[in-house]
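Participant: Kindly return the folded structure for what I paste below:
(one chain, ligands or ions: 1)
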Amino acid sequence: MDATGSAPANVMIRLSGVGKRYDDGTVAVQDLDLEVREGEMVVLVGPSGCGKSTTLKMINRLIEPSTGTIEIDGQDVTTADPVRLRRGIGYVIQQIGLFPHQRIVTNVMTVPLLYGESKATARARAVELLELVGLDPERYADRFPHQLSGGQRQRVGVARALAADPPVLLMDEPFGAVDPIVRVRLQEEFLRLQRELGKTVVMVTHDIDEAVKMGDRVAVFAEGGRLAQYGTPAELLGGPADEFVADFVGSEKSLRRLSVVPLRREDLEPMDGVSAGQLGAAIDLDSTLEDALTHLLRDDRGMVGVREGAQFVGVLTPDGVHRALRASLAEQA
Ligand SMILES: Nc1ncnc2c1ncn2[C@@H]1O[C@H](COP(=O)(O)OP(=O)(O)OP(=O)(O)O)[C@@H](O)[C@H]1O
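Facilitator: Model (predicted):
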């Protein structure tokens, strides 16, 4: 049992003392210890060339570590058969590498077919997965990759990675090749999907905003493959371990806090004299300040109703957001 009284989740991926020195002498990763719990989404973030992709590829043995051990679900990956190992690990990369001359449905069917499923079962699974990632099979299943937008191709990549229903998903800059608006949409869709599927996910990005938004925990890598800090987004923003992390997290960090600080009951004004009908869109009490602010900005009345379950518990105004943000900054000062 942990401090919250619930049983701690199993460790699904464990890296112990992992290092990688390439043949030319480049040290890409140094003495890395990292644990990822079952069902957790961990984001590796850091500047270009700091060893994030190397770390990811060591987990599915596309790259062999020079030192240390990597375990998945208690099994040492270096002694596992690499082909069987990769069956349990979905892999999504930025250049998703769809087969250009195969239809979308066939692209997604490849993996189940490889594992000996019948054509009919593989097709049914592919159709289900296309639906899951928000691509209408009727419209898209029989298209070729070049007939899709970048964001749609990216979703096919995610569908294909999920085709074997792997417990672990590795994603290398999965939302990197699309414009910022599509990127945000894909991030949100993936978060929704992850809430449903509960996979153990390790994702690489160089974008700290994406890391803070997506990660249950975030590992900040520094030059030379050194792990500078590993913690929840709030821990990282609230207490950077050193100057490097503080710099990387950036000067806009008080604004970034909006996405990790929850609304508090004491930031609300009472409902006095305001009827539910007078309010625009309502938000839930467990929203983040970012959600709250987004709704406030859309609303001409300058206030938004806050619900707990079906019950209205108060009204949030810009003053309330300001108070909550100030309080959260004061807490870590
Ligand atoms: N095959 C290789 N041989 C030699 N050095 C390599 C090889 N692959 C990567 N490196 C070097 O290892 C270091 C880490 O590379 P890696 O791709 O893991 O970084 P990254 O953090 O994922 O970078 P980016 O964000 O730019 O993708 C870099 O200095 C890179 O030049």
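Participant: wait, what's in contact with the closest residue to the ligand within the stretch 101-250 of the chain?
Facilitator: Across the stretch 101-250 of the chain, the shortest distance to the ligand (C-beta to the nearest ligand atom) belongs to H206, at 4.8 Å. For every residue, glycine as well, the C-beta is placed using N, CA and C. For H206, the contacting residues are 45-48, 52, 173, by C-beta atoms under 8 Å, 6 or more residues apart in numbering.
Participant: Distance-wise, check it relative to V249.
Facilitator: 13 Å (C-beta to C-beta, to the nearest Å).
Participant: quick one, strands of the chain?
Facilitator: Applying DSSP state E to the chain gives strands spanning 11-21, 27-37, 41-45, 67-72, 75-76, 89-93, 168-172, 200-205, 217-222, 226-231, 282-284, 304-308, 311-316.
Participant: Please save the CA atoms from the last one in CSV.
Facilitator: What that stands for is strand 311-316. The C-alpha coordinates for strand 311-316 follow below in CSV (Å, rounded to 0.1, in the frame of the first residue of the first chain):
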residue,chain,number,x,y,z
GLN,A,311,-24.8,19.6,-8.8
PHE,A,312,-23.7,23.2,-9.3
VAL,A,313,-21.2,24.1,-6.6
GLY,A,314,-20.3,27.6,-7.5
VAL,A,315,-19.2,30.1,-10.1
LEU,A,316,-15.7,30.7,-11.4
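Participant: Can you give me the pLDDT of G116?
Facilitator: Predicted confidence (pLDDT) at G116: the value is 82.
Participant: How about the one 4 residues further on?
Facilitator: Reading off the confidence values, A120 has pLDDT 93.
Participant: residues contacting it?
Facilitator: Contacts of A120 (C-beta under 8 Å, 6+ apart): none.
Participant: Dump stretch 142-158 to CSV, restricted to CA.
Facilitator: Output of stretch 142-158 as CSV, limited to C-alpha atoms (Å, rounded to 0.1, in the frame of the first residue of the first chain):
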residue,chain,number,x,y,z
ASP,A,142,-10.0,1.4,-48.9
ARG,A,143,-7.9,4.5,-49.5
PHE,A,144,-4.2,4.5,-50.1
PRO,A,145,-1.8,6.3,-47.6
HIS,A,146,-1.2,9.2,-50.1
GLN,A,147,-5.0,9.9,-50.1
LEU,A,148,-4.9,10.8,-46.4
SER,A,149,-3.8,13.9,-44.5
GLY,A,150,-0.7,13.8,-42.3
GLY,A,151,-2.8,13.7,-39.2
GLN,A,152,-4.9,10.9,-40.6
ARG,A,153,-1.8,8.9,-41.5
GLN,A,154,-0.6,9.4,-38.0
ARG,A,155,-3.8,7.9,-36.6
VAL,A,156,-3.3,4.9,-39.0
GLY,A,157,0.1,4.5,-37.4
VAL,A,158,-1.4,4.4,-33.9
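Participant: Just give me the neighbour total for the closest residue to N107 other than its chain neighbours.
Facilitator: Of all residues not flanking N107 in the chain, L98 sits nearest, at 4.9 Å (C-beta to C-beta, 6 or more residues apart in numbering). For L98, the count of nearby residues is 20 (other C-beta atoms under 10 Å).
Participant: Kindly report the same for D319.
Facilitator: 12.
Participant: Equivalent analysis for L325, please.
Facilitator: 18.
Participant: Nearest spatial neighbour of it, chain-adjacent residues omitted?
Facilitator: Going by C-beta to C-beta, 6+ apart, L325 has L289 as its nearest residue, at 6.2 Å.
Participant: for V261, what are its contacts?
Facilitator: 234, 288-289, 324-325, 328.
Participant: mind checking how far stretch 64-80 is from the chain centre?
Facilitator: Offset of stretch 64-80 from its chain centre (C-alpha atoms, centre = their mean, to the nearest Å): 23 Å.
Participant: Contacts for it, please.
Facilitator: Contact partners of stretch 64-80, identified using C-beta under 8 Å, 6+ apart, comprise 10, 12-21, 29, 31-32, 58-61, 85, 88-89, 167-168.
Participant: among those, which ones are buried?
Facilitator: With burial judged by 16 or more other C-beta atoms under 10 Å, the buried subset of the contacts of stretch 64-80 is 12-15, 18-20, 29, 32, 58-61, 85, 88-89, 167-168.
Participant: Quick check: Q311 vs L191, distance?
Facilitator: According to C-beta to C-beta, Q311 and L191 sit 26 Å apart.
Participant: the more surrounded of the two?
Facilitator: L191 (12 against 8).
Participant: Now do the helices in the stretch 51-200 of the chain.
Facilitator: 52-59, 82-87, 104-114, 119-132, 137-140, 150-162, 180-197 (DSSP state H, counting those that start in this stretch).
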